[in-house]
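Enquirer: Give the three-dimensional model of this entry:
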Amino acid sequence: MNFRPYTLAATTLLVALAAAVTVSAHMAYSKSMPAKDAALTQSPDHLQVWFTQDPEPALSLLSLEGPNGEIPLGQTTVGDEKSLVADVPAPLAPGTYTVKWRSAGDDGHVQRGDFAFSIRAAE
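Expert: Sure, this is the predicted structure:
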C-alpha cells in the first residue's frame with residue numbers, strides 16, 4: 001500500500017470538518033432579552049430569545065421560574081429574526097429568575113436550554 005503522509009492529514013481534516021458541520025446543524029441559543037445573567041432595575045414586559053435557526057412553532061415554548069415557582073407567561077410566539085417571544089403579564093418582584101426554552105430548528109431535533117437574570121430592588 002502506498003500511503004503518503006499528506007493522505008492521513010487530509011483524511012483527518014475531512015473527518016473534523018464533517019463533525020463540525022454535524023454539530024452546527026442543531027439549533028442553538030444566540031442571545032436574549034433580558035440578556036443572560038443581566039441585573040435589571042425594572043421588570044421586563046416580555047421575554048425574547050434568539051436562535052441560530054428559525055424556531056419550529058409547534059415545538060416551541062418559553063417558561064419562567066422565579067423565587068416562588070413558575071410564573072405564568074403569555075403565549076409563546078415566533079418573533080422576527082429567528083426568535084421566540086412571550087409576554088410577562090405582571091411585573092416581576094426583585095429576585096432571580098430562570099427562563100427555560102424549548103424548540104427545534106431545521107433538522108427537527110428538539111433543543112432545550114435555560115438562562116438566568118435578576119431584578120434588583122429599587123434603591
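Enquirer: Show me what the closest residue to Pro67 other than its chain neighbours bridges to in the sheet.
Expert: Spatially, and ignoring its direct neighbours in sequence, Pro67 is nearest to Gly95 (4.0 Å; C-beta to C-beta, 6 or more residues apart in numbering). From N, CA and C alone the C-beta is placed, and that goes for glycine too. Taking DSSP bridges as the rule, Gly95 bridges to Ile119.
Enquirer: now Gly95: how far from Asp87?
Expert: Taking C-beta to C-beta, to the nearest Å as the measure, Gly95 falls 19 Å from Asp87.
Enquirer: The nearest residue to Ala28 once chain neighbours are set aside and Pro89, how far apart?
Expert: Nearest non-adjacent residue to Ala28, counting by C-beta to C-beta, 6+ apart: Thr52, 4.7 Å away. Thr52 sits 29 Å away from Pro89, going by C-beta to C-beta.
Enquirer: ok, now Lys82?
Expert: For Lys82, the distance to Pro89 (C-beta to C-beta) stands at 24 Å.
Enquirer: Likewise for Gln53?
Expert: Distance, Gln53 to Pro89, by C-beta to C-beta: 28 Å.
Enquirer: where does the protein dip in pLDDT?
Expert: Within the chain, the segments meeting pLDDT under 70 span 1-24, 123.
Enquirer: all helices of this protein, in order?
Expert: Here the chain has its helices, by DSSP state H, at 5-24.
Enquirer: next one: phi and psi at the nearest residue to Pro94 once chain neighbours are set aside?
Expert: Spatial nearest neighbour of Pro94, excluding adjacent residues (C-beta to C-beta, 6+ apart): Ala121 at 4.2 Å. Torsion angles at Ala121 (phi, psi; degrees, to the nearest 10) stand at phi -70, psi 140.
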